[in-house]
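> Test case, fold it:
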Amino acid sequence: MKDPSNQKCGGRKKTVSFSSMPSEKKISSANDCISFMQAGCELKKVRPNSRIYNRFFTLDTDLQALRWEPSKKDLEKAKLDISAIKEIRLGKNTETFRNNGLADQICEDCAFSILHGENYESLDLVANSADVANIWVSGLRYLVSRSKQPLDFIEGNQNTPRFMWLKTVFEAADVDGNGIMLEDTSVELIKQLNPTLKESKIRLKFKEIQKSKEKLTTRVTEEEFCEAFCELCTRPEVYFLLVQISKNKEYLDANDLMLFLEAEQGVSHITEDMCLDIIRRYELSEEGRQKGFLAIDGFTQYLLSPECDIFDPEQKKVSQDMTQPLSHYYINASHNTYLIEDQFRGPADINGYVRALKMGCRSIELDVSDGSENEPILCNRNNMAAHLSFRSVIEVINKFAFVASEYPLILCLGNHCSLSQQKVMAQQMKKVFGDKLYGEAPLPSESYLPSPEKLKRMIIVKGKKLPSDSDMLEGEVTDEDEEAEMSRRMSVDYNGEQKQIWLCRELSDLVSICKSVQYRDFELSMKSQNYWEICSFSETEASRIANEYPEDFVNYNKKFLSRVYPSAMRIDSSNLNPQDFWNCGCQIVAMNFQTPGPMMDLHTGWFLQNGGCGYVLRPSIMRDEVSYFSANTKGIVPGVSPLALHIKIISGQNFPKPKGACAKGDVIDPYVCVEIHGIPADCSEQRTKTVQQNSDNPIFDETFEFQVNLPELAMIRFVVLDDDYIGDEFIGQYTIPFECLQPGYRHVPLRSFVGDVMEHVTLFVHIAITNRSGGGKAQKRSLSVRMGKKVREYTMLRNIGLKTVDDIFKIAVHPLREAIDMRENMQNAIVSIKELCGLPPIASLKQCLLTLSSRLITSDNTPSVCLVMKESFPYLEPLGAIPEVQKKMLAAYDLMIQESRFLIEMADTVQEKIVQCQKAGMEFHEELHNLGAKEGLKGRKLNKATESFAWNITVLKGQGDLLKNAKNEAIENMKQIQLACQSCGLSKGPSTGAETKSKRSLEAIEEKESGDENGKL
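As a prediction, the model looks like this:
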């Protein structure tokens, strides 16, 4: 099965990884890491002068030193004592890497650094794969943490919690108590513990173990059972993660888990009891559940659970404001709903409606024609033989209308009936739908449609309507036959006139707030179209308008509903790209639900948000009466801060063989494409290397970064394909709105080509969202980014050409610069402290403080600095003389606090200036055309002035909101820093009242914040 969107993956050339691991044996313990290091491997040694040398590194057999060769130094000098190591960093996070001219050519996931000596000198290394880097980092961290303990752990794994648990599992299944069991019993036991494993793979592993021991019997001992389970069920990437977050233990305790959830997963308000509850639910061993630790197998199960799903659980329920006008929402819409095959020959099928309604569709089509015995029917007019009675269809609609969503359902009537059968249609709808039919006449005094909240459980009929000021029982209206209209327009005889049909009053009266009218042009529509009238656009016409008048299309859709349907040329029922029309604000983009593929993936993924209710609130920049937005935006959106999306594709699990593939047997060579869909400026695509012949647990370990200028309109599509010379075969995909992403380590549940969830088939990824290319925090959003003042870009206000109005906006120039400077000075300070801590930009401030505290605590476990709260802000003061390295870090920390404090204290004043300018400007909104006429502006010049006015209002509103958000984040940062200092022991000073005082200061921050908010209210 091909995936058309990926036949030419544009991100990079195909590359192949011939081995995802350095050896056939998986890494499943610290012993494996150390054994690998003792055997040695080649690493690249990076020097500050931009030179890179290949060296062979080994770990001494006594585990006391690291050595490398060749070297010009004496053998005794070309070594590094384990006891001298202060810290091991993964990634390019030292001055050497940051300043190296070749750094861009070095893979982030393959780089690591060893900091040693009192001055924290760095030995900077690059492995040939991320796996090898992880082995060295995990092994070295383990050795450093154990450097003061007897090194008897190297003797084996038999006393680990995992081995003890496996031993009890084996003994429980060994009913004879002989210490051996049949291979069949062992295979079944492992399958019970890990249902995703194939029986053939388990049997092969037992054969390998028995062959290595030259055994002839197929009976399995306890030791062989444990060895097979560990090799089959240990995912190396999860093991490395566990060791990293457990401070080099082979299990997590409640404190480790709490830090992981807060710092990596973005979970707030986590408690120790919550962590213990997670351990009790996921730890497999009884001992672990009682003692409160989570070993590798329980941790793996937790990461695979719904609690670590990539989709934000808040978005699984209705979470958006549903009281806005109907025109402010995207609406889940179906085209030719009655079809389950192609539109050329496919028969009408009632299941088309059942499927669409169960998928949350809120706009469905009924193409109604005359039937026999005065009974209207629905049919494909290319296949009249298979038809449905109109009554049976509306009965099914009535049954399933509000199963998936209680928000309004729009029935788009394609009326091709005689007057007599139109009356039958009206009577049947009244009888079947009853009070659900929305019939309230629109009020001329209103300007916008009712909200989805007000229209709950209502069925709205969209169609033609007779003039309300006429008493005639029937009359002529333009035909709603879209396909016939398209055919006429393409005909050489087309003269611009529409075909007329007769409409009866009974059917006309069922249409209230969705009256179908013909689109002429935007100027006429904005002047004379009523808010309850809706225009339908063919795909071709909508594309032309979107390209020629993108700003006008967006403004039109602020007030009016527009519906886009696929071209009649799509006789195979293929789908248009809905994103092209969502970017213009089109609410009802009708899709062929019966045709799977990339376009339907986008549609299905988009409407997963907001509880799958079929309504998604559009971005405010596309709803505000005065705002500027163009669907063709190729750069930064005014008033919106671009975000950087960091995605690390770590591994895949249980990839199936592509359907229809037969050339390579059961072997697959998977790779992953990451696609970003949104406004043109955001559309991008990257792909990983190909991992050869691995479908069970291919390791990719590749990180990508994407700039997203309008997050509210962006989607991410993960696609897994099988690399093949003939054509890459589709394995699975998952599409998710940007706003629904959860940060941290997540599993992505892949879906099949037709959209079904595939059991146990996942991608393991790490997600981080920051402001452009820097900084990060535990929550979903962050403002931390480095941007020097010399290259700082200020969003410019536009000249309107009306002096009175321009003078108002000129007043805003200075406060706008102040707002941007305050935000970015704080961001730069946060990035600086992270760099000094050796952390990547996506790290959280809590992770930063943990690293900082490890440098500020002496060998006898006493802090060299103390947390001191000054006017509610957390400063760190030395408790005596401190080394230069610590002074440098404290200076960077102080700068971060000062910039944050300045922003918190000044933000309200600057924001008020911006808001006042915005209000003063808006006073001219109604009179803008009259002012322009007095100044001699007309035509294009007047339109340009109106557009520039909307741009300026959008910039002022957006920058004011960004400053407000920056203040809230700075306040939250101060709280998190204070709590982190307390948990790291930095609040323990000579005064016994220090901790009590800092708690009072924390309350002061909270009171001050709530006071500010109350003041604004």
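> May I have the secondary structure class of the nearest residue to His925 once chain neighbours are set aside?
Nearest residue to His925, sequence neighbours excluded (C-beta to C-beta, 6 or more residues apart in numbering): Val626, at 5.8 Å. For the C-beta atoms, the positions are set from N, CA and C on the backbone; glycine is no exception. When classified by DSSP: H, G, I helix; E, B strand; the rest coil, Val626 comes out as coil.
> Quick check, Val626 in contact with Ala950.
Yes - between Val626 and Ala950 there is a contact under C-beta atoms under 8 Å: 5.4 Å.
> Please list all residues in contact with Pro444.
Asn530 (C-beta atoms under 8 Å, 6 or more residues apart in numbering).
> related to what we said a few turns ago, among Val626 and Ala950, which residue is more densely surrounded?
A direct count of neighbours by other C-beta atoms under 10 Å for Val626 and Ala950 places Ala950 higher, at 22 against 19.
> What average pLDDT does stretch 32-41 get?
Summarised as a single mean, pLDDT over stretch 32-41 is 90.
> and it, which residues are buried?
For stretch 32-41, burial by neighbour count (16 or more other C-beta atoms under 10 Å) applies to Asp32, Cys33, Ile34, Ser35, Phe36, Met37.
> Out of those, list just those in helices.
Residues of the buried residues of stretch 32-41 located in helices (DSSP state H): Asp32, Cys33, Ile34, Ser35, Phe36, Met37.
> Quick check: the third one vs Ile135, distance?
Okay, so that is Ile34. Counting by C-beta to C-beta, to the nearest Å, the gap from Ile34 to Ile135 is 9 Å.
> The last one now?
To Ile135, Met37 is 7 Å away according to C-beta to C-beta.
> Likewise for the second one?
Distance, Cys33 to Ile135, using C-beta to C-beta: 5 Å.
> Report the set of residues contacting both of those two.
In contact with both Cys33 and Ile135: Ile27, using C-beta under 8 Å, 6+ apart.
> Let me see the domain layout of this structure.
Listed by the TED database, the domain ranges of the chain are 30-147, 173-233, 244-308, 326-488+499-622, 643-770, 803-984.
> As CSV, those with distance to Ala631 would be great.
Putting the domains of the chain into CSV (distance: least, C-beta to C-beta, whole Å) gives the following:
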stretch, distance to Ala631
domain 30-147, 34
domain 173-233, 44
domain 244-308, 32
domain 326-488+499-622, 4
domain 643-770, 7
domain 803-984, 14
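> so where's the stretch 1-150 of the chain uncertain?
For the stretch 1-150 of the chain, residues meeting the criterion pLDDT under 70 lie at 1-26, 72-75, 147-150.
> How are the helices of it distributed by residue range?
Taking DSSP state H, counting those that start in this stretch to define them, one finds helices in the stretch 1-150 of the chain at 30-39, 95-99, 130-145.
> Quick check: which of those is buried the most?
helix 130-145 (a mean of 23; mean count of other C-beta atoms under 10 Å).
> Who are the packing partners of that helix?
helix 30-39, strand 41-46, strand 52-59, strand 85-90, strand 111-116, helix 236-245, strand 699-708 (3 or more C-beta pairs under 8 Å, 6 or more residues apart in numbering; DSSP states H and E).
> And the contacts of that helix?
With C-beta under 8 Å, 6+ apart, helix 130-145 has contacts from 20-22, 27, 30, 32-34, 36-37, 41, 43, 57, 59, 63, 66, 82, 85, 88, 90, 107, 109-112, 114, 125-127, 236-237, 239-240, 243-244, 247-248, 699, 701-702.
> Can you select the buried ones from these in PyMOL?
This is the PyMOL syntax for the buried subset of the contacts of helix 130-145, where burial follows 16+ other C-beta under 10 Å:
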select buried, resi 20+21+22+27+30+32+33+34+36+37+43+57+59+63+66+82+85+88+90+107+109+110+111+112+114+125+126+127+236+237+239+240+243+244+248+699+701+702
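> if we can go back for a sec, tell me which of the helices and strands packed on helix 130-145 sits nearest to Ser983.
For those, the distance to Ser983 is smallest for helix 236-245, at 15.3 Å, taking C-beta to C-beta.
> Can I get that closest one in PDB? Just the C-alpha atoms.
The C-alpha trace of helix 236-245 is given here as PDB (Å, rounded to 0.1, in the frame of the first residue of the first chain):
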ATOM      1  CA  PRO A 236      17.700  -0.400  25.200                       C
ATOM      2  CA  GLU A 237      16.300   3.100  24.700                       C
ATOM      3  CA  VAL A 238      14.000   2.700  27.700                       C
ATOM      4  CA  TYR A 239      16.800   1.200  29.800                       C
ATOM      5  CA  PHE A 240      19.100   4.200  29.000                       C
ATOM      6  CA  LEU A 241      16.300   6.600  29.900                       C
ATOM      7  CA  LEU A 242      15.600   4.800  33.200                       C
ATOM      8  CA  VAL A 243      19.300   4.800  34.200                       C
ATOM      9  CA  GLN A 244      19.500   8.500  33.300                       C
ATOM     10  CA  ILE A 245      16.500   9.600  35.400                       C
END
